[in-house]
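the sequence and its predicted three-dimensional model are supplied below.
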Amino acid sequence: MKLQKILFLIACMGIAATATFAEEAKFSVEGDTLYYNTEKPGLNRSFVSLSDAAHFRSLLNMHPEVTRIDLHSYGGDAEAGVEIARILSDFNVSTVISGECSSSCASIFMAGTKRTLNPGALLGFHRPEWAVSGLKSFYDRRKDDEGWNTPFEFAAWVNQDAMQVAAEVLGVYLAAGVDYSFAIRTLRVPQSDIWYPTRGELVSVGVLSPETLANLNPRLRPVLPPSPTEEVLQLSSLY
């Protein structure tokens, strides 16, 4: 019996270690850059989660040479994004997007002292709100602890929670110096949609650092004369 308990504990420790490793796999440090990628295959939680906040704090303390955070994430927990943004604000780091940074990842991006969107990268916004798929399971799991006697009491709590988180996200944007009307506009986008503003819009409202436009190197291609087939097509209204 004792041996079975020992084996059970070893198995549990193995599962916990695997989960921790899967979470840490979102992070990597190369030179002065900390890469954060929630879209890697095989992750235990392939989204922005509260456990990621502890990894950010630990890695930034362990690697004082890190001055830049490279982000790639489609989002996740809105409160986690706000918490990670608070942690990054304690460090003098810039943020850069080389792939896509949307939803709660946008809050993390705003914490950079300098914010850069690489050519072809995407920054997406929508308001934080509860996913329908998670409401019932959360209610069933927490109703006794929270004292919710009816789903209507839970609905009132959800409304209050959503408003509080939206206010926290708005606070992150305003602290970053983003135009107020733009920040409010991001909260009007439903959770089922994503709004990708243009680079010009992002610079004009203070989301991107002003010099990011000037520092982009245009990628030029030679202008070749049209082929005989193209000359024929150009005469067609369908071309």
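Received it, and whenever you're ready, just let me know what you need.

beta partners for the residue nearest to residue 39 when sequence neighbours are not counted?
Counting by C-beta to C-beta, 6 or more residues apart in numbering, residue 39 lies nearest to residue 72, which is 6.0 Å off, once chain neighbours are set aside. (C-beta placed from N, C-alpha, C; glycine too.) Using DSSP bridges, the bridge partners assigned to residue 72 are residue 37.

quick check: residue 38 touching residue 55?
No - between residue 38 and residue 55 no contact is recorded; they are 11.5 Å apart, counting by C-beta atoms under 8 Å.

need the strands for this structure, in chain order.
Secondary structure of the chain, counting by DSSP state E: strands at 27-30, 33-37, 68-73, 94-102, 115-117, 122-124.

centre-most residue in this structure?
Nearest to the geometric centre of the chain sits residue 105, at 1.5 Å (C-alpha atoms, centre = their mean).

and the spatially closest residue to that one that is not a sequence neighbour, how far is that from residue 27?
With C-beta to C-beta, 6+ apart as the criterion, residue 105 has its nearest non-adjacent residue at 4.1 Å, and that residue is residue 73. The gap separating residue 73 from residue 27 is 12 Å, by C-beta to C-beta, to the nearest Å.

for those two, indicate the residue with more neighbours.
residue 73 (26 against 15; other C-beta atoms under 10 Å).

follow-up on the earlier one: would JSON lines of the strands of the chain with distance to residue 179 be doable?
Compiled in JSON lines, these are given as follows (distance: least, C-beta to C-beta, whole Å):
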{"stretch": "strand 27-30", "distance to residue 179": "32"}
{"stretch": "strand 33-37", "distance to residue 179": "26"}
{"stretch": "strand 68-73", "distance to residue 179": "21"}
{"stretch": "strand 94-102", "distance to residue 179": "18"}
{"stretch": "strand 115-117", "distance to residue 179": "14"}
{"stretch": "strand 122-124", "distance to residue 179": "15"}
